[in-house]
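Q: Fold the following for me, if possible:
(2 chains)
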Amino acid sequence: MDRFFPQVVFSIFGVEVRDTVVSTWIMMGVILLLAILIRRRRPTLLEMLLDFLEDLIGDLLGGYRIERYLPFLGSLAIFVAFANIFSILPTIPLPGGAMLPIVAPTRDLNTPIALAVVVFFSVHYYGMLQQGVLGYLKNLASPVFLLPLEIIGQISRTVSLAVRLFGNVLSTELIVVVVFMLIPLFVPLPVIGLNLFTGLLQAYIFTALAAVYISTGLEEPEEDQRAIGITEPEPAAAMLEPRSQTGDRHSRERRP
Amino acid sequence: MAEMDPGTLITLVTIVGSTLGIVLGALTPAIVEGRAVLKALEGMTRQPEAAGDLRTTLLISMALLESTAIYVLLVILVLIFANPVIDRFFPGG
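A: Residues are numbered from 1 along each chain as shown, chains lettered A, B, ... in the order given. Below you'll find the model as predicted:
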């Protein structure tokens, strides 16, 4: 059971390198190789993946130019999805007789925290790109007395983003380990399937939440505001009938 | 029961507390998530054209609700595998 938690493989200048970091390096190589192979052999697969990611992000960032956010959010989704399901690979025997266990990189709390910190800074970066540095800061502190609450909210959602991914991956792998200790033959297979499903679902949720956080940092799109200006003469009708308001929103989203 | 080793006592309290904690921490999010799914299904059957929007919102809100259960699990894992109280009273034990 002690081997379940991240092990230190070697240390460089006093910095301990754990097996999750080594697994991350191997994972990066695997992703690169797969990308090159698929691009050479089956380019349509890559297009399908791109369409899927565009749909996923377009649902959440509807109305914005998603080409700006697609590279970041897409690579985040691919990285987290690979990281969550990477523990199905077996242990690699090293030349020295030692064994290098391949583990899911997100099982170590440091990997999700790093990803969440990247998301935290990207929210502010994209917000400043969209509405300028001063405009973004002014929008952030629009009622000044609510600024502390805003800061607390930003920090707590970053922590919860990291801890959610870590806890989910750790708990499903813990279930696999416990079932494997009880019955080692065939019975863990469905549990491993559940592990894979949960990992992919968590990758989807991580990307979706990152997209939602980024969209909260952006201003309303230009055409959106113009549409509000057009429908301004009749705000009472929209207030009386909430369903007409949602219909209005849909028609505005469809506008090119 | 008259004299109990403090280490045994701490272990006993930890185990009982972890069990109670995981029961409550699994029960509450399960009930709340069930209600969320119920409402979303009602909405989907009433307005099938809004099913896509509802599904996305449902998944995200389920993830947010689920995270409370994950917090409970993390605290209990720390209590069981890396108990700080035992480390303080029995260094190296």
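
Q: Can you check my assumption that A:Ser11 lies in a strand?
A: Yes. Secondary structure of A:Ser11 (DSSP: H, G, I helix; E, B strand; the rest coil): part of a strand.

Q: Could you tell me how many residues sit around it?
A: A count of nearby residues for A:Ser11, using other CB atoms under 10 Å in any protein chain shown, gives 10. All C-beta atoms are positioned from the backbone trio N, CA, C, and that covers glycine.

Q: Tell me the bridge partners for the closest residue in space to it that isn't next to it in sequence.
A: Of all residues not flanking A:Ser11 in the chain, A:Val17 sits nearest, at 6.3 Å (CB to CB, 6 or more residues apart in numbering or on different chains). Counting by DSSP bridges, A:Val17 forms beta bridges with A:Phe10.

Q: Verify the stated contact: A:Val17 with A:Ser23.
A: No. Counting by CB atoms under 8 Å, A:Val17 does not reach A:Ser23; the two are 11.0 Å apart.

Q: Which one of these two is surrounded by more residues?
A: Shown here are A:Val17 and A:Ser23; by other CB under 10 Å, A:Ser23 has more neighbours (27 against 13).

Q: List the buried residues in the helix or strand the more buried one falls within.
A: Under the criterion of DSSP states H and E, A:Ser23 resides in helix A:19-41. For helix A:19-41, the neighbour count (16 or more other CB atoms under 10 Å in any protein chain shown) marks A:19-24, A:26-27, A:31 as buried.

Q: in the chain, which ranges drop under the pLDDT threshold?
A: Let's take chain A. A:1-5, A:9, A:62, A:91-100, A:219-256 (pLDDT under 70).

Q: Wait, chain B was what I had in mind.
A: B:1-2, B:87, B:90-93.

Q: Quick check, the residue in chain B closest to chain A?
A: The minimum distance from chain B to chain A, using CB to the nearest CB, falls at B:Ile70 (3.4 Å).

Q: Can you verify my assumption that that residue contacts A:Ser171?
A: Yes. Look at B:Ile70 against A:Ser171 with CB under 8 Å: they come within range, at 7.2 Å.

Q: These two - which one has more neighbours?
A: Set B:Ile70 next to A:Ser171 and count neighbours by other CB under 10 Å: B:Ile70 wins out with 21 against 16.

Q: Now do the helices in the chain.
A: Using chain A here. Here chain A has its helices, by DSSP state H, at A:19-41, A:43-60, A:70-85, A:110-131, A:133-140, A:147-182, A:188-217, A:222-230, A:235-240, A:242-254.

Q: my bad, chain B
A: Using DSSP H, helices in chain B cover B:6-46, B:51-81, B:84-89.

Q: What residues does the stretch 101-250 of chain A have near chain B?
A: A:160, A:163-164, A:166-168, A:170-171, A:204-205, A:208-209, A:212 (CB under 8 Å from any CB of the partner chain).

Q: rerun at 6 Å
A: A:160, A:164, A:167, A:171, A:205, A:208 (CB under 6 Å from any CB of the partner chain).

Q: Nearest residue to the residue nearest the centre of chain B in space, ignoring adjacent ones along the chain?
A: The centroid of chain B falls nearest to B:Ala69 when counting by CA atoms, centre = their mean (2.6 Å). Spatial nearest neighbour of B:Ala69, chain neighbours left out: B:Pro29 (4.4 Å); criterion: CB to CB, 6+ apart.
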